[in-house]
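Q: Fold the following and give me the result.
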Amino acid sequence: MAEICSYAGLKGVETEKLLLPCPDGIHFHPSANTAPDARMDVVALDMWRKMQLAHMDVRIFHANSPSYIDTPLDQLYRRNEASKKQSYGKRVREVEGGAFSPLVMNTAGGIAIEFEKVLKTLSHRISTRTGEPYSEVMAHLRTRLRFSLLRSCLIALRGNRRKIAITSLTNTELVT
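A: Model (predicted):
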């Protein structure tokens, strides 16, 4: 997502940005994340307003899990968005002074309303910047997100299979 934000021309894009510590005077919801080491998945400048940081945190859920089987999909999206907003919304608004957008999607590739707004904004920026048709840019972003989701699911299931590169051979003897 950070690459897409950078390509859209957003400034100051960071991943895994550490949030400022919570001051004592502000009261948060009991389920809010007030940990001193809380992080945002993606932070970008100038997304919604000039000189305002947009904080984005990703949540992926599996809609076909046994605990969700009787719940309609739109309700699952709303519930997961509300949970993310409850955890980070007030902290981002009052402590960080920015905007918060939960990026909620399910493992089948569907996305929630807030995520759709973020994608539309980024697609419009890229389309305006490059001159490509908006529909093609949006299709490309959705495809890219789904492949990233697929890669994440595969890594979660089977682990990372990249070979570790040895950069230096110190204190090692080669036997021929």
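Q: list the buried ones in the top helix by length along the chain?
A: Secondary structure assigned by DSSP state H gives helix 134-158 as the longest helix of the chain. For helix 134-158, a neighbour-count test (16 or more other CB atoms under 10 Å) marks V137, M138, L141, L145, L149 as buried. Using the backbone N, CA and C atoms, a C-beta is placed for each residue, glycine as well.
Q: now swap in stretch 101-116 and tell me
A: Buried-residue list, stretch 101-116, by 16+ other CB under 10 Å: S101, P102, L103, V104, M105, N106, T107, G110, I111, A112, E114, F115.
Q: And that stretch, end to end?
A: 10 Å (CA to CA, to the nearest Å).
Q: Return the distance of it from the chain's centre.
A: Between the centre of stretch 101-116 and the centre of its chain there are 10 Å (CA atoms, centre = their mean, to the nearest Å).
Q: again, but for stretch 56-74
A: For stretch 56-74, the distance to the chain centre is 16 Å (CA atoms, centre = their mean).
Q: try stretch 12-22
A: Distance, centroid of stretch 12-22 to centroid of chain: 13 Å (CA atoms, centre = their mean).
Q: Quick check: buried residues in that stretch?
A: Neighbour-count burial for stretch 12-22 [16+ other CB under 10 Å]: V13, E14, K17, L19, C22.
Q: Where strands are concerned, which of the buried residues of stretch 101-116 count?
A: Counted as lying in strands by DSSP state E, out of the buried residues of stretch 101-116, are S101, P102, L103, V104, M105, N106.
Q: Quick one: those residues as CSV, columns for pLDDT and distance to D41 too.
A: Formatted as CSV, those follow (pLDDT from 0 to 100; distance: CB to CB, whole Å):
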residue, pLDDT, distance to D41
S101, 93, 11
P102, 94, 10
L103, 92, 7
V104, 93, 12
M105, 90, 12
N106, 89, 17
